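Chemist: Kindly return the folded structure for what I paste below:
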Amino acid sequence: MEEANARNGGSRWKRGLQIAAACVVVFAGAFAVGSAVAGPFFWYSCSLDGLEAHGPAHASVLLDRDGKRLGMLGASGARLPVSLRKISPVMRKAIIDTEDRRFYENSGIDYIGILRALESDVSSGQFAQGGSTIEQQLVRNLYLSPQQSLGRKLDEACLAEQLDRRWSKNRILTAYLNDIYFGQQAYGIEAAAGAYFGVHAKNLTLEQAALLAGLPQAPSAYDPLTRPHAAKARRAEVLAAMVKAGDLSPGRYRQAVHSPLGLHPHQAPGLSGQTYLTGFITSQLVDEYGAERVRRGGLRIYTTLDAKKQTEATRAILGTLDRKKDPAGSVVSIDPATGQIRAMAIAQTGKQIAYDIAADGQRQAGSTFKMFVLTQAVQRKINPWTTQYLSAPFIGPNNWRVQTFEHTYSGRIPLIQATLLSVNTVYARLTLDVGPKPIADLAQQMGIQSHLKPVPSVGLGANSVTPLDLASAYATLADGGVAHKPTILTKVVFPGGSTEAASKPRGKRVIDEKVAAAVTRVLEANVRSGTGTAAALAGRPAAGKTGTTDSFADAWFAGFVPQLMTVTWVGYPTNERPMKGVHGIAGVTGGTLPAEIWHTYMTAALQGQPVEQFANPGSPPYKRWCGRYEFARTWRDARKPDSCKHQHKQKHKRKRTTTAKTTTVRTTTRTTTQPGTTAPPPTTTAPPPTTTAPPPTTTAPPPTTTALPPTTTTTPTTTATTTGSPPDVRRGARRPELPTAGRR
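Modeler: All right, here's what the predicted structure looks like:
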C-alpha cells in the first residue's frame, strides 16, 4: 500500500514538473514572438509618437534668495549641429568606447553592460555604474526628466529600444554627439571643440577627442579649465578604453597619455552679454536637474545670492580699484553655517570680465595657507602662544631657500607672533614638522577642491586655488570646524509651474570646535594688530589672514565674522603681472588693497545686523612640543627623532617657571579676544617677557652649518613687537607683509 502511494505521489510530482516546464516553454515562446514582432518591451506601454523633442531654447530668469531679479540666463544652449562626416572619426571612436562599447551590436539596451553594472554596484556597496547605452542617454535628454524612479527607468529602456528600431545607428550617434552637454555652456561636439580648443569637430586630434569624450559623465568634475588634474586622469581612462576596444595601439596610448591638455579656450557661442556667473550657475543646474531641462530654459532660478551684498561687493571692488589701469578684484562671500554663497563678484574698472575668476581662476594663495598649517599644529596639541620657532633664514630640502626680503629676523618667537608678522621662515620650519601631506589633506577636508601637491612649500601657498575654494575652507573655520559644500541654488520653477528644491548638502565636522576656536583667536589678533589691520571693523570682532605671492602678482585677504565669511582677491585676470606701483604702493600685498576691499564690503554687508561674538568652547589640550626643525638653520641639522625626550628630562625643572608665565599669557589672549573691540590691551599681542630676546645661540648658526649672510643676525625691526602692536598698524594703514623669497 505504501509503495503504491509513493508511486502515485511520484507520478503527480512528475506531471507537475512537466506542466511547469510546458508553461515556461509557452511563456518563452510568447516572449520570443512578441520580442520579434514588437521588441523586448512589447509588454510595456510606451511610444515615441507624440513626444515632443527639442524646442527652441528660452531665456531663464535669475533671482536672489528673496526673489529679487538679478539678471537673465540666456538661451545659451543654441547648439551647432553638424553631420557625422563633419565629426572627427577618432571622436566617434572615443565616445563609443567610453560610453557604449557595444553600441553597434546592442538593440538599445546593453544587457551585458547592465549585469556588469549590477555586479560592480553590489561589490562596491554603492550605485557606481549606470550601464546606460547611447540610446538610453539620448532619450533621457530628449524626452525624459532626470527623476530617478522605476517607472522612468522602464520608460527610458522601452523608448531606447524603440529608437534603436526606428533610427539607424549613425543617426543615433549623430544626434547624441550634437545633443550632450560638455560643460562651459557647450551643448554638442561642435560647440565643445570650439569652447575648449578653438577648432571644428572635424579637426579634433586623438588627445582632444579623448578629453572631450570623458566630459559628459560629469562636466564640472572633469572640467579641464578648473580641474586640469582630474581632466587629465579622466582622459587617461578614455585612452585606456580605446586600447581595450582595439581602436588605439599601446604605443600611441603611451604618447597621448603623457601629452599636455593643450587647451585654447574660446567663449562658447551665445554667451555675449552674459554675466560671469553663467558658467558656474549652469554647471550647478545641470548637475542638479539635467542638461536638457536647463538647455530648454524658461526657468525661474532662485539662488542663494543676496542682491544687496552682490551690489556692495562690486561697489567695494570698483570703489577701491578705481583707476583705469588698476588690476581686477574678486569677492566671494559665504554663510558659514550653511555654505550658501551670498555674493560672488568680479570687476575691473573700464573692462567687462566674462571669465569667472571666483570659481575658475586658479591662483597661488600665498600666506592665507598658513591658516591650515596653524590648524594642523593646534590639532597636534602645539600651543601657538607658548611654542617658539626660529625666525632666521632657512635652507630646506632640494636647496629650498626661505628668507625675508628685508633680511631682518627675530630669533626665537612664539607662533602667534610669527603669524601676526606672517614670518615665512617660521612657517617653513613648522610645515616640515607637522608634515606637508597632513596639511594638504586638511585643506581639502576643509573645502579646497583644487589639486594640492604636498610639497614643503604647501604651507606658504605654493599651490593654486580659486577664491571660492579658499572661501569655502575658511568658512569651515568660521563655523567652528564644520565643512559645508558651497551652494548657489535654492529652487527652480519650471515652465509648467512645477517647483523642485535644490539639494542641501549636510555639514560635516572636520575640525574639533576647540581647535577651530583657538585658530580663530590667533586670526582675530592678526586683524587687530598684525598684517590684517586694514580690514578691522569698528565695534565688531573679525578674524582673518593676508596672502601675497612673491612676485606681487596675487594678493588676498580671507576673513570672517561669526555670521559671514569673505575672501577678496586682487590681480590681473589674463596674466600674472606684478602689481607694483598700483596706487603708489611699492608692491600690493594682502594687507593693502584686498584688506581695504574686504573692510568696505563687510561694513556695508553687515549694516543693521547684530554684533556676534566668536564662540568660546574653551582651549584645546596642549602638550610640550619639540619639533625637529624648530630651531634648525637647514633641514640637514634638524634634531634627531629621539633627541627631544632627553632634552625634556634635562630642562624640566628650569622650564617650569616659564611654563607658568606663558600659560598666563595664553589665558589673557583667549579672554580678551571675545569683546567686539578693535583696540585690545597691548599685552594680548606681546609674547611673555622671557621670549622678548632670543638666546645668544640663536643669533648665529652652529659652527657646522652653512655660513649665512651677516644680515641674518640683525633684529632691529621685529623685536619691537614685544612692546605692543607691530609698527604702522593704524586703521587703514597699508602695512605690507614681510616679503620673502617664498610666499607671504
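
Chemist: List the contacts of the residue nearest in space to the middle of the chain.
Modeler: Closest residue to the average C-alpha location of the chain: Gln449 at 2.5 Å, with CA atoms, centre = their mean. Shown in contact with Gln449 (CB atoms under 8 Å, 6 or more residues apart in numbering): 227, 466, 469, 472. (Glycine included, C-beta is placed from N, CA and C.)

Chemist: State the number of residues packed around the first one.
Modeler: If I follow you right, that is Arg227. When neighbours are defined as other CB atoms under 10 Å, Arg227 has 19 of them.

Chemist: Equivalent analysis for the third one, please.
Modeler: Neighbours of Asp469 under the rule other CB under 10 Å: 28.

Chemist: host element of it?
Modeler: Assigned by DSSP states H and E, Asp469 belongs to helix 467-478.

Chemist: any idea of the mean pLDDT in that helix?
Modeler: On average, the pLDDT along helix 467-478 is 97.

Chemist: In three-state terms, label Ile395 for me.
Modeler: Following DSSP: H, G, I helix; E, B strand; the rest coil, we place Ile395 in the strand state.

Chemist: again, but for Trp625
Modeler: Under three-state DSSP, Trp625 comes out as coil.

Chemist: Hmm, it is touching Trp385, no?
Modeler: No - the criterion here is CB atoms under 8 Å, and Trp625 misses it with Trp385 at 11.9 Å.

Chemist: Please identify which of the two sits among more neighbours.
Modeler: Set Trp625 next to Trp385 and count neighbours by other CB under 10 Å: Trp385 wins out with 26 against 19.

Chemist: quick check, that one in a helix?
Modeler: No - counting by three-state DSSP, Trp385 is not found in a helix; it is coil.

Chemist: Counting neighbours, what do you get for His583?
Modeler: When neighbours are counted by other CB under 10 Å, His583 registers 15.

Chemist: Over to it: give its phi and psi.
Modeler: The phi and psi values for His583, taken as degrees, to the nearest 10, are phi 60, psi 30.

Chemist: So it is in contact with Val570, correct?
Modeler: No - checked against CB under 8 Å, the pair His583 and Val570 is beyond contact range at 10.8 Å.

Chemist: joint contacts of those two?
Modeler: Common contacts of His583 and Val570 (CB under 8 Å, 6+ apart): Leu593.

Chemist: How about Pro250, nearest residue that isn't a chain neighbour?
Modeler: Excluding its sequence neighbours, the residue lying closest to Pro250 (CB to CB, 6 or more residues apart in numbering) is Val243, at 6.2 Å.

Chemist: dump the residue contacts of the one you found.
Modeler: Applying CB under 8 Å, 6+ apart, we find Val243 in contact with 249-250, 253.

Chemist: rerun at 10 Å
Modeler: Applying CB atoms under 10 Å, 6 or more residues apart in numbering to Val243 gives the contacts 97, 249-250, 252-254, 257.

Chemist: so of the residues you listed, which ones are in helices?
Modeler: The helices, defined by DSSP state H, take in 97, 250, 252-254, 257 from these.

Chemist: what's the farthest-apart pair in those?
Modeler: Asp97 and Arg254 (17.3 Å; CB to CB).

Chemist: coming back round to it: and which of the contacts of Gln449 is nearest Leu285?
Modeler: The closest of those to Leu285 turns out to be Arg227 (CB to CB; 18.4 Å).

Chemist: For that closest one, which non-adjacent residue is closest in space?
Modeler: Ala221 (6.8 Å).

Chemist: Could you do Gly627 as well?
Modeler: Nearest residue to Gly627, sequence neighbours excluded (CB to CB, 6+ apart): Asp433, at 3.8 Å.

Chemist: from memory that neighbour sits against Arg628, does it?
Modeler: Yes - counting by CB atoms under 10 Å, Asp433 touches Arg628, with 6.0 Å between them.

Chemist: more crowded one of the two?
Modeler: Legend: neighbour count by other CB under 10 Å for Asp433 and Arg628, higher for Asp433 (22 against 17).

Chemist: Report the contact partners of the more buried one.
Modeler: Each residue near Asp433 by CB under 10 Å, 6+ apart is listed here: 373, 376-377, 380, 382, 389, 625-630, 632, 638-639.

Chemist: From the contact counts, what lies against the helix or strand containing Arg528?
Modeler: If you go by DSSP H and E, Arg528 is part of helix 513-529. Contacts defined by 3 or more CB pairs under 10 Å, 6 or more residues apart in numbering; DSSP states H and E place helix 513-529 against helix 370-379, helix 415-420, helix 467-478, strand 543-548, strand 554-561, helix 593-605, helix 643-672.

Chemist: in the stretch 151-300 of the chain, what spans have low per-residue confidence?
Modeler: Counting by pLDDT under 70, the stretch 151-300 of the chain contains low-confidence ranges at 151-152, 267-276.

Chemist: low-scoring pLDDT stretches of the stretch 301-450 of the chain, where are they?
Modeler: 354-355, 405.

Chemist: residue boundaries of the helices in it?
Modeler: 307-320, 357-360, 370-379, 415-420, 424-434, 436-446 (DSSP state H, counting those that start in this stretch).

Chemist: Please identify the one among these that comes closest to Gly214.
Modeler: helix 357-360 (18.5 Å).

Chemist: could you dump that closest one to PDB, C-alpha only?
Modeler: The C-alpha trace of helix 357-360 is given here as PDB (Å, rounded to 0.1, in the frame of the first residue of the first chain):
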ATOM      1  CA  ILE A 357      37.700  84.100 -11.700                       C
ATOM      2  CA  ALA A 358      35.900  83.500  -8.400                       C
ATOM      3  CA  ALA A 359      35.000  79.900  -9.300                       C
ATOM      4  CA  ASP A 360      37.500  79.000 -12.000                       C
END
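
Chemist: Identify the residues contacting it?
Modeler: For helix 357-360, the external contacting residues (CB under 10 Å, 6+ apart) are 184, 220, 223, 225-227, 276-277, 279-281, 283-284, 313, 328-332, 341, 343-346, 348, 363, 449, 466-469, 471, 486, 488, 567, 569, 571, 573.

Chemist: circling back to that earlier point, mutual contacts of Asp433 and Arg628, please.
Modeler: Counting by CB under 10 Å, 6+ apart, the common neighbours of Asp433 and Arg628 are 638-639.

Chemist: which one is Leu420 nearest to, not counting chain neighbours?
Modeler: Distances taken as CB to CB, 6+ apart place Gly530 nearest to Leu420, at 3.3 Å, with adjacent residues excluded.

Chemist: same question but for His200, I mixed them up
Modeler: Closest to His200 by CB to CB, 6+ apart is Ala193, at 6.0 Å.
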